[in-house]
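*Asks:* heads up, no residue letters with this:
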């Protein structure tokens, strides 16, 4: 054959987009209650009569008045006695996260939605191919988020996760910024270390002692010197300052989280058990619905959010990786009973898998007939829910 040899297609450049929602609790309430949009209001978690109560979140209008989270409520009452003060609404926040997750699913299957931050892998997606200039792509994501109903959103786009996150932090409270591939270190060089996320107090104190006020001064110290002084965080600090992802971070799969927000603060233990089992069912479905083959969990975090806003959490290991409701339920309920010690009303139940494992599609060699039947039932329920929604069919196991 005399035809030309086809050269292998060049893989697409990695592309990540980080989105943050400043004052997410206030945005979520305005998203759920359109009559609040454009108004100045604040959110609190404790009682208004408690002199220790502080402001949790503020709307853009309240922010323009100089009001900020953490301000004591009694000071607000003196300065702005007529300003609208509302309780936090966890159900609204959950609904907003679900809306954001549904939107992102139209753009990429690899997106992680956290309470105040979104990280999406857009590598090779139609959106990435549509925009040759990543600045235009970031601007489009910003515009789409506003059309969706967000009042303030920041977008950063870059070839690494950390660079995208830093860029999103730079344009607060509202805006978009992108970095071209290969320009990460040059773009970040003049920035202050204050823009780096997740630094420990010890690392910040170390930088302050050396009077380091630019990220390129951090990289100039050298990786080995930083590791010698700060251990593993030194390596992370060097990578972040250069706009590079740590290998372990880069290979980590997006986390998976589900929650059940109760209709009202609940203290009845049997109702809470049922709500916890419903949350397990949501997790089993989310795992099976992850990717083409589904996913499984070998560790997960159980969190209880009390009516006063405090959270109790515990991470549990599973005997083996699974996505089956009947295998997830017993250890989760054990963790629930171990955590629920305050005997105060609960507001929200949450399950989180930090690193879902890709499922192989193979059954376990030691599964008995009952386990195989449960697995087949779970797969059938998942198929029906994929066609409609999670609520399309109930799990009979929840009725006992």
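*Replies:* Great, that's in hand. What you see is a predicted model; the values in this text were computed from it and never measured. Numbering: from 1, shown residues only.
*Asks:* C-alpha only now, for contacts and for neighbours.
*Replies:* Will do.
*Asks:* And the closest residue to residue 38 other than its chain neighbours, its phi and psi?
*Replies:* Sequence neighbours aside, residue 61 is the residue nearest to residue 38 in space, at 6.6 Å (criterion: C-alpha to C-alpha, 6 or more residues apart in numbering). Residue 61 adopts backbone torsions of phi -60, psi -40, taken as degrees, to the nearest 10.
*Asks:* ok, residue 61 touching residue 42?
*Replies:* No: with contacts counted by C-alpha atoms under 8 Å, residue 61 stays clear of residue 42, the gap being 9.5 Å.
*Asks:* between the two, who's got more neighbours?
*Replies:* Remark: of residue 61 and residue 42, residue 42 carries more neighbours, 27 against 15, as counted by other C-alpha atoms under 10 Å.
*Asks:* so what pLDDT did the residue nearest to residue 38 get?
*Replies:* Per-residue confidence at residue 61 stands at 93 (pLDDT).
*Asks:* now do residue 382
*Replies:* 59.
*Asks:* Bridging across strands, which residues link to the residue nearest to residue 179 when sequence neighbours are not counted?
*Replies:* Among residues not flanking residue 179 along the chain, residue 158 sits closest, at 5.1 Å (C-alpha to C-alpha, 6+ apart). Beta-bridge pairing of residue 158, defined through DSSP bridges, involves residue 16.
*Asks:* Just give the number of residues close to residue 158.
*Replies:* Neighbour tally, residue 158, other C-alpha under 10 Å: 29.
*Asks:* Now that we're looking at it, what pLDDT does it have?
*Replies:* For residue 158, the model assigns a pLDDT of 95.
*Asks:* now do residue 293
*Replies:* pLDDT, residue 293: 62.
*Asks:* and what of residue 39?
*Replies:* Per-residue pLDDT puts residue 39 at 93.
*Asks:* Same question for residue 46.
*Replies:* 64.
*Asks:* which residues touch the most centrally placed residue in the chain?
*Replies:* Nearest to the mean C-alpha position of the chain, by C-alpha atoms, centre = their mean, lies residue 114 at 1.2 Å. Residue 114 is in contact with residue 97, counting by C-alpha atoms under 8 Å, 6 or more residues apart in numbering.
*Asks:* Could you check how far it is from residue 20?
*Replies:* Distance, residue 114 to residue 20, by C-alpha to C-alpha, to the nearest Å: 9 Å.
*Asks:* residue contacts, the residue nearest to residue 38?
*Replies:* Per C-alpha under 8 Å, 6+ apart, neighbours of residue 61: 38-41.
*Asks:* Out of the residues you listed, the closest to residue 296 would be?
*Replies:* Ranked by distance to residue 296 (C-alpha to C-alpha), those are led by residue 41 at 42.1 Å.
*Asks:* is it true that the closest one touches residue 87?
*Replies:* No: Residue 41 is not in contact with residue 87 according to C-alpha under 8 Å; the separation is 10.5 Å.
*Asks:* When the two are compared, which one has more neighbours?
*Replies:* residue 41 (22 against 17).
*Asks:* which helices and strands does the strand or helix carrying residue 143 pack with?
*Replies:* Here residue 143 is covered by helix 134-148, with elements defined by DSSP states H and E. Secondary-structure packing of helix 134-148 (3 or more C-alpha pairs under 8 Å, 6 or more residues apart in numbering; DSSP states H and E): helix 126-130, strand 154-158, strand 175-178.
*Asks:* Would you reformat the ones you listed as CSV and include distance to residue 75?
*Replies:* Shown next, in CSV, are those (distance: least, C-alpha to C-alpha, whole Å):
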stretch, distance to residue 75
helix 126-130, 47
strand 154-158, 30
strand 175-178, 31
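*Asks:* Tell me which of these approaches residue 169 most closely.
*Replies:* strand 154-158 (7.2 Å).
*Asks:* distance between that closest one and the chain's centre?
*Replies:* Computed by C-alpha atoms, centre = their mean, to the nearest Å, the chain-centroid distance of strand 154-158 equals 15 Å.
*Asks:* Quick check: residue 204 is in a helix.
*Replies:* Yes: assessed with DSSP: H, G, I helix; E, B strand; the rest coil, residue 204 lies in a helix.
*Asks:* How much space separates it from residue 73?
*Replies:* Separation of residue 204 from residue 73 (C-alpha to C-alpha): 30 Å.
*Asks:* lowest-pLDDT helix or strand in the protein?
*Replies:* helix 247-251 (a mean of 45; mean pLDDT, DSSP states H and E).
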